[in-house]
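**Student:** Build me a structure from this.
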Amino acid sequence: MKKTILSFLVFISAVFAVQAQQPIHKVVIQLNTSDTLVWHGALKNISNLQTALGTNTQIELVAHGSGISILIDGKTTQKAKIAELAASGVLFKACENTIRERKIDRASILSQAGTVPSGVAEVVLKQEAGWAYLKY
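**Tutor:** As a prediction, this is how the structure comes out:
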């Protein structure tokens, strides 16, 4: 009888432990347009994702090609929103290939942004790791 009660308590504890763990959602966003309206929409959707999916959501925006300007101080129209989202845990990555090809001064990249060797390769690696994918 004691083993049955103990087994039941262990089972109930395990059920509650599983329910307490929320799945971690992972989303990679590819941005390669200079259209500032698209930038605004992409960042708005990031905010909406955080609201809908909660705090256990990992989001990374990868900017390359024409989209790199969203992460360049003096060119971006979204500096304040990027700072806000970065403070909430969103990662912003600039493509080193684009930086090199366009001869962009690395000092002009927003401080909230990191870099990746290849923007498209970063997106592929994230998808292979099971991340959801959005493209702008």
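
**Student:** all strands for this structure, in order.
**Tutor:** Counting by DSSP state E, the segments of the chain that form strands are 25-31, 57-63, 91-95, 113-116, 132-135.

**Student:** From the chain's centroid, how far away is the fourth one?
**Tutor:** Put plainly, it is strand 113-116. Put simply, strand 113-116 sits 12 Å off its chain's centre (C-alpha atoms, centre = their mean, to the nearest Å).

**Student:** ditto for the last one
**Tutor:** In terms of C-alpha atoms, centre = their mean, the gap separating the centre of strand 132-135 from the centre of its chain is 10 Å.

**Student:** likewise stretch 121-132?
**Tutor:** 11 Å.

**Student:** Could you do stretch 118-125 as well?
**Tutor:** The answer for stretch 118-125 is 13 Å, by C-alpha atoms, centre = their mean.

**Student:** so can I have CSV of the strands of the chain showing mean pLDDT?
**Tutor:** Formatted as CSV, these follow (pLDDT from 0 to 100):
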stretch, mean pLDDT
strand 25-31, 98
strand 57-63, 98
strand 91-95, 98
strand 113-116, 98
strand 132-135, 98
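
**Student:** Adding mean neighbour count and distance to Ala107, write these out as CSV.
**Tutor:** Placement of C-beta: from N, CA and C, glycine included. Formatted as CSV, the strands of the chain follow (neighbours: other C-beta atoms under 10 Å; distance: least, C-beta to C-beta, whole Å):
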stretch, mean neighbour count, distance to Ala107
strand 25-31, 22, 21
strand 57-63, 23, 17
strand 91-95, 22, 12
strand 113-116, 17, 12
strand 132-135, 14, 29
